[in-house]
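[1] Got a predicted structure plus its sequence, pasted below:
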Amino acid sequence: MIKRLGDHGGLAGLVALLALIAVLAGVSWVVIILLLVAMLFLHELGHYLTARMTGMKVTEFFIGFGPRVWSFRRGETTYGIKAVWVGAYVRIAGMSSLEPVDPVDESRSFRQQSYPRKLLVLTAGSGMHFVIALVLLFALLLVDGSVSAGRVSEPEEVAEWTLATVSVDSAAAAAGLRPGDELVSVAGVGRTTFGDFSRQVRQLAGEEVEVVYRRAGTTRTAATRIGERLTAQGAAGIVGLIEGDRILAVDGLQSDGAPTYAQVSDYARPRLGQPVDITIVDTRTGRPAVVEGAIINDLVDPSSAVMGFFGVSADYRHPGLGVVGAAGESVRLLAATVRDVVFAIPGIVTDGFGGTLDGLRGDDPAARSPETVRELEVRRLDTSHPDENRILSIYGVARIGAEVASDGASDVLLLLMYVNVFLGVFNLLPLLPLDGGHVVVATYERIRSIGGRSHQVDAARLLPLTYAVVALLLLVGGVALVRDIFDPVSFG
């Protein structure tokens, strides 16, 4: 029998909130949020199913924390949704010696179970993450076989590739190229690997070239001018612009099409230090934008200020590996990814905490400048800056997921694969209240019980350590959320 515990008003409000997010931020945001919530649900589902399977009493199964939005009761378990979607939980009777349990249910409590049963329930959440990651890898390999060939690490030695994307206002777009086309030659140089092609194009900034490409078996020819993208040195002289930006127009400068850096230099030389509006293609988003009040303070030689930009990315997709091949390769890749995450955890704990806090300190000069956002992005692009080691909040992961969604479902699935592996490993760290901490407690109790005398750890003595870990996680999570809002990581 199902017993409803509340009306549907809260659930309707939650649906309305998701609809508002879809309108304001895009449907991809809602999809990513629901996928992340599904991951949290499946983690707890692992605990729930193994607890029920081993005869334990499960009293609650909720998505989220905080105020209850909607719930119902079926049998002895209450299921529902709470307001803050930063996690989920399953409440099993008698998880510690402190929890009071009805004497009738004591035999079904967690603390009365055998060590193998406890271990099964405690590791089931992380196990579910690894299963999800394995399924995602298998699906990717089965469909296009591109995980090992193109997405985990795109090998520069691979010469078989087609165009995956064509950037707006680029040389490739001007030449009429489309995703799926195959380049034959550029400036008379035959197509080799994408790495060699990129190095070749960087040397052709501003030059008129002939492009030969193949579409649907037909060879075509077009002429175009290789675009220019600011280097770190070129961007350093223009306050408000960052490395990778492409200049489309400068207020007051007359030019036929996008001006070259040399033309910008001639125009700006008598106006150094004066604010000017510059239209660019933002390297973070790939979309045109106007930087109002940009100031050109320094001009360098064009050969150092810009590099050539053609405006395409490579697609290494190959036919699927088949069921047997995909199964074997997905297991190998999962094992390699778990190993990489395990070895990366110490660096995340040490450098990552510092990287997360960096940039929020009051002595950060960039935070006081009028160009805060783009100056912070300059620091992110600086490889000596620890931003790459920073910890991301759930919002940060969702933001990245919504951003990569524009590149296709495969990139979203790969991101979710990495997130699942990280969560699976992280939850096994030997710290309470993480699953790994409970594993340590259960293992200690088992060792102390050798000889026939049952031993239970006094949970009250572990509460200070548990509270300290929770406080640290909340602090780091809160700081990460603030950074992700005001200084977002971008893969645009």
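    Done, it's in.

[2] would residue 82 count as being in a strand?
    Yes: with DSSP: H, G, I helix; E, B strand; the rest coil as the criterion, residue 82 is part of a strand.

[3] correct me, but it touches residue 89?
    No: between residue 82 and residue 89 there is no contact, the gap being 9.2 Å when judged by C-beta atoms under 8 Å. The C-beta positions use only the backbone N, C-alpha and C, and glycine is treated the same way.

[4] Quick one: residues contacting residue 175.
    Neighbour list for residue 175: 211, 213, 222-224 [criterion: C-beta atoms under 8 Å, 6 or more residues apart in numbering].

[5] and residue 217, backbone torsions?
    The phi and psi values for residue 217, taken as degrees, to the nearest 10, are phi 80, psi 0.

[6] quick one: it from residue 315, how far?
    Per C-beta to C-beta, to the nearest Å, residue 217 is found 17 Å from residue 315.

[7] Out of those two, name the residue with the larger neighbour count.
    Shown here are residue 217 and residue 315; by other C-beta atoms under 10 Å, residue 315 has more neighbours (21 against 6).

[8] And the helices in the stretch 151-300 of the chain, which stretches?
    In the stretch 151-300 of the chain, the segments counted as helices under DSSP state H, counting those that start in this stretch are 171-174, 194-202, 232-236, 261-268.

[9] Please identify which of those is closest to residue 454.
    helix 194-202 (62.8 Å; C-beta to C-beta).

[10] What is that closest one packed up against?
    Contact analysis of helix 194-202 by 3 or more C-beta pairs under 8 Å, 6 or more residues apart in numbering; DSSP states H and E lists strand 182-186, strand 306-309 as its packing neighbours.

[11] contacts for it?
    Applying C-beta under 8 Å, 6+ apart, the external contacts of helix 194-202 come out as 154, 156, 158, 161, 183, 186-187, 189, 191, 226, 307-310, 314.

[12] Buried residues, the host helix or strand of residue 90. List them.
    For residue 90, the host element (DSSP states H and E) is strand 77-92. By neighbour count on 16 or more other C-beta atoms under 10 Å, the buried set for strand 77-92 is 77-82, 85-86, 88-92.

[13] Please find the angle between the direction vectors of the next helix or strand after that strand and strand 77-92.
    Once strand 77-92 ends, the next helix or strand along the chain (criterion: DSSP H and E) is helix 115-143. The directions of helix 115-143 and strand 77-92 differ by 110 degrees, with axes from the mean of the first three to the mean of the last three C-alpha atoms, to 10 degrees as the criterion.

[14] For the closest residue to residue 52 other than its chain neighbours, name its beta-bridge partners.
    Nearest residue to residue 52, sequence neighbours excluded (C-beta to C-beta, 6 or more residues apart in numbering): residue 58, at 6.1 Å. Going by DSSP bridges, residue 58 is paired in beta bridges with residue 92.

[15] out of the helices and strands packed on helix 194-202, deepest packed?
    Greatest average neighbour count among the helices and strands packed on helix 194-202 goes to strand 306-309 (a mean of 23), per mean count of other C-beta atoms under 10 Å.

[16] Direction included, what does that one pair against?
    Using DSSP bridges, the strands paired with strand 306-309 are strand 227-230 (antiparallel).

[17] burial of the nearest residue to residue 289 once chain neighbours are set aside, as a residue count?
    Leaving out its chain neighbours, the residue that sits closest to residue 289 by C-beta to C-beta, 6+ apart is residue 282, at 4.7 Å. By the criterion of other C-beta under 10 Å, residue 282 has 20 neighbours.
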